[in-house]
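Colleague: Sharing a model that was predicted from the sequence below.
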Amino acid sequence: MSNKPAHKPQKQRPQKQPRRKSLPGTRKSAPKYAAEPSPGNPERINRYLAHCGLCSRREADRWIQAGRVSINGQLIEAPGVIVKSGDTVMVDDKLVEPQQGHTYILYNKPKGQLCSRLDKKKRPLIYDFIDVAPNVQSIGRLDMDTEGLLMLTDDGALTRALTHPAAKVPREYRARVAGIVELETLAKLRRGGMDIGRGDTSDAWEVTVDSESAGHTWLNIIILRGRWREVRRTLEECGHPVRRLMRTRFGPIKLDEDMPKGTWRALNRGEIRKLRDRVINPDAKTDSD
């Protein structure tokens, strides 16, 4: 008779998810601030799931089509179904509850990252380096080669207000361009009206020369809209291709001078209030306007 102890079946360990790449300052959790409006208002189910921090609205649509979402015990098939206060919402038979408050983040984006959730070419994404819920999205975008201030939030109303062209929220950039920029070119940039392709004409900019050296010029630029590659396209039209581009301000929010690239911090309550005030009353002046 064997003295060996009876073999005990091993417990199956859940498979570990692959860890996201992280940089210093990217693994902390951002504080949440009071939601505006408060949760509980009637809204479409895909928006509700996004506001709960589970996924984006597009992903919610896929969950609904896959039959994973129910309201009050009934599977739903359309993303337009309205969720009301007191409704019981479940995904994969697990209760979903509203997320209390909003997240607001300032990220010092390095060159070489895309402001996108997915990329077929598998290029680095900002979300590989910021540990946030799926419904936290960038307020506007910076192209892959542009650095600097990028804000992210799950406050959709504030995002829409800040990025609407009518709001004219100033964005400030530092650009290193090829060649020496003459006074005549500065006048053209300030005047606007140049054809920059795609049926667009250039806006009137605030632009000044910061320094000149070795056949390059550093410019300080303020624009009032965030059109696709607007700064690069405009300067290319003037014969001064951009060699380096950094955003340093968005409305009243400035990039911290001592903030390392690839790190982020939560916006404080005062900064959030300034952003909201800037959109609610565009004629009001803040310290940074």
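Modeller: Perfect, thanks for sending it.
Colleague: name the element Ala187 belongs to?
Modeller: Assigned by DSSP states H and E, Ala187 belongs to helix 183-191.
Colleague: Pull the residues that contact that helix.
Modeller: Here helix 183-191 makes contact (C-beta atoms under 8 Å, 6 or more residues apart in numbering) with 194, 202, 204-209, 234, 238-240. From N, CA and C alone the C-beta is placed, and that goes for glycine too.
Colleague: Counting only helices, which of those residues make the cut?
Modeller: Among the contacts of helix 183-191, DSSP state H puts Thr234 in helices.
Colleague: Most neighbours among the contacts of helix 183-191, please name it.
Modeller: Thr234 (26 neighbours; other C-beta atoms under 10 Å).
Colleague: got the buried residues for the helix holding Ala187?
Modeller: 185-186, 188-189 (16 or more other C-beta atoms under 10 Å).
Colleague: can I assume Gly193 is in contact with Thr234?
Modeller: No - applying C-beta atoms under 8 Å, one finds Gly193 not in contact with Thr234, separated by 10.8 Å.
Colleague: any residues in contact with both of those two?
Modeller: Joint contacts of Gly193 and Thr234 (C-beta under 8 Å, 6+ apart) are Ser202.
Colleague: on that earlier part again, quick check: the farthest pair among the contacts of helix 183-191?
Modeller: Glu206 and Gly239 (20.4 Å; C-beta to C-beta).
Colleague: what's the neighbour count on Gly226?
Modeller: Using other C-beta under 10 Å: Gly226 sits among 18 other residues.
Colleague: now swap in Glu43 and tell me
Modeller: Neighbours of Glu43 (other C-beta under 10 Å): 16.
Colleague: That one: what's it in contact with?
Modeller: 51, 82-83.
Colleague: can you pull the contacts of the residue lying closest to Lys84 once chain neighbours are set aside?
Modeller: Excluding its sequence neighbours, the residue lying closest to Lys84 (C-beta to C-beta, 6 or more residues apart in numbering) is Pro42, at 5.0 Å. Pro42 is in contact with 82-85, counting by C-beta under 8 Å, 6+ apart.
Colleague: Compile those residues into TSV and extend it with columns for secondary structure, distance to Val91 and neighbour count.
Modeller: Formatted as TSV, the contacts of Pro42 follow (DSSP: H, G, I helix; E, B strand; the rest coil; distance: C-beta to C-beta, whole Å; neighbours: other C-beta atoms under 10 Å):
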residue	secondary structure	distance to Val91	neighbour count
Ile82	strand	17	12
Val83	strand	12	24
Lys84	coil	18	12
Ser85	coil	19	9
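Colleague: between these, which is closest to Gln137?
Modeller: After measuring the contacts of Pro42 against Gln137 - C-beta to C-beta - the closest member comes out as Val83, at 20.6 Å.
Colleague: that older thread, can you list the buried residues of helix 183-191 in TSV and add distance to Arg227?
Modeller: Shown next, in TSV, are these (distance: C-beta to C-beta, whole Å):
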residue	distance to Arg227
Thr185	20
Leu186	21
Lys188	18
Leu189	15
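Colleague: From the residues you listed, pick the one nearest Gly101.
Modeller: Distances from Gly101 to those, taken by C-beta to C-beta, are shortest for Leu189, at 41.7 Å.
Colleague: Now do the closest one against Ala157, distance only.
Modeller: Distance of Leu189 to Ala157, computed by C-beta to C-beta, to the nearest Å: 33 Å.
Colleague: so where's the longest helix in this structure?
Modeller: In the chain, assigned by DSSP H, the helix with the most residues is helix 269-280.
Colleague: So which elements touch that one?
Modeller: strand 102-109, helix 156-163, strand 253-254 (3 or more C-beta pairs under 8 Å, 6 or more residues apart in numbering; DSSP states H and E).
Colleague: Of all these, which one is nearest Arg227?
Modeller: Nearest of the helices and strands packed on helix 269-280 (C-beta to C-beta): helix 156-163, 10.8 Å.
Colleague: got the contact list for the closest one?
Modeller: Here helix 156-163 has contacts from 36, 47, 137, 139-140, 153, 167, 169, 226, 250-251, 275-276, 278-279, using C-beta under 8 Å, 6+ apart.
Colleague: so of those residues, which ones are in strands?
Modeller: The strands, defined by DSSP state E, take in 137, 153, 250 from these.
Colleague: Give me the lowest-pLDDT entry from the residues you listed.
Modeller: Among the ones in strands among the contacts of helix 156-163, Gln137 carries the lowest pLDDT, at 91.
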